[in-house]
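**Student:** model the structure of this input:
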Amino acid sequence: MQRIIKNNQVIDETWHLLPKDTSLDGISNCDDLIVPLSLWRDHAHALKARDGGLGVWLDSDEEAEEIGEDVANFQVIALNFPAFTDGRSYSNARLLRDRYGFKGELRAIGDVLRDQLFYLHRCGFDAFAIRADKDPYEALEGLKDFSVTYQSSTDEPMPLFRRR
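**Tutor:** Below you'll find the predicted structure:
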């Protein structure tokens, strides 16, 4: 079982992340699922009628605007980082939190490493599925890398000079 970081602690994963090529056939009615954006687009009505929890995941080339009006339907939104060097999901996180008011779990998935956690948290992420070959307990320390921030962000809307 995979372990993730959520709300500053390591926990067992309870959600099922479905791959992009998943169809509606054979999907459990009661499991907690994170579905790809394409499945949500094609079958939103049927997915909302399920008994289990519902989440959606966006790849780095998919825009937050595509689900902006639907965020109230999701308990989890996962944003994929296909490579450490691909930062497009940072922008989607800010949009989901700041523009669309998403209050649920915002999870980073994919090539997520310790070095990113502090910055991901600043953009609104509160859950992290660390890359499988890395230790989530070691990665958890990345949230403590810095004690003071100068710029405003999702986690601290006022810049340092305004907080004085």
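**Student:** strands of this protein, start to end?
**Tutor:** 3-6, 9-12, 16-17, 33-36, 54-58, 76-81, 105-110, 127-128 (DSSP state E).
**Student:** check the offset of the helix-or-strand element of the chain with minimal mean pLDDT from the chain's centre.
**Tutor:** Using mean pLDDT, DSSP states H and E, the weakest-scoring helix or strand in the chain turns out to be helix 160-163, at a mean of 81. Relative to its parent chain, helix 160-163 has a centroid offset of 28 Å by C-alpha atoms, centre = their mean, to the nearest Å.
**Student:** surely residue 75 meets residue 105?
**Tutor:** Yes. Using C-beta atoms under 8 Å, residue 75 makes contact with residue 105 at a distance of 6.5 Å. Any C-beta I mention is one placed from the backbone N, CA and C, and that applies to glycine too.
**Student:** between these two, which contacts overlap?
**Tutor:** residue 55 (C-beta atoms under 8 Å, 6 or more residues apart in numbering).
**Student:** low-confidence ranges, the protein, go.
**Tutor:** For the chain, applying pLDDT under 70 flags the ranges 1.
**Student:** who touches the most centrally placed residue in the chain in this structure?
**Tutor:** In the chain, the centroid-proximal residue (C-alpha atoms, centre = their mean) is residue 107; its distance is 2.1 Å. For residue 107, the contact set (C-beta under 8 Å, 6+ apart) comprises 4, 6, 34, 55, 76-79, 125-129.
**Student:** and of these, the nearest to residue 143?
**Tutor:** Relative to residue 143, the closest of these is residue 128; by C-beta to C-beta it sits at 8.9 Å.
**Student:** neighbours of the closest residue to the closest one other than its chain neighbours, just the number please.
**Tutor:** Distances taken as C-beta to C-beta, 6 or more residues apart in numbering place residue 5 nearest to residue 128, at 4.4 Å, with adjacent residues excluded. Neighbourhood size, residue 5 [other C-beta atoms under 10 Å]: 25.
**Student:** which residues touch stretch 60-71?
**Tutor:** For stretch 60-71, the surrounding residues in contact (C-beta under 8 Å, 6+ apart) are 37, 40-41, 44, 56, 58, 74, 77, 79-82, 86, 88-89, 91-92, 95-96, 99-102, 104.
**Student:** and the end-to-end length of it?
**Tutor:** 18 Å (C-alpha to C-alpha, to the nearest Å).
**Student:** residues of it that come out buried?
**Tutor:** 60, 62, 64, 67, 71 (16 or more other C-beta atoms under 10 Å).
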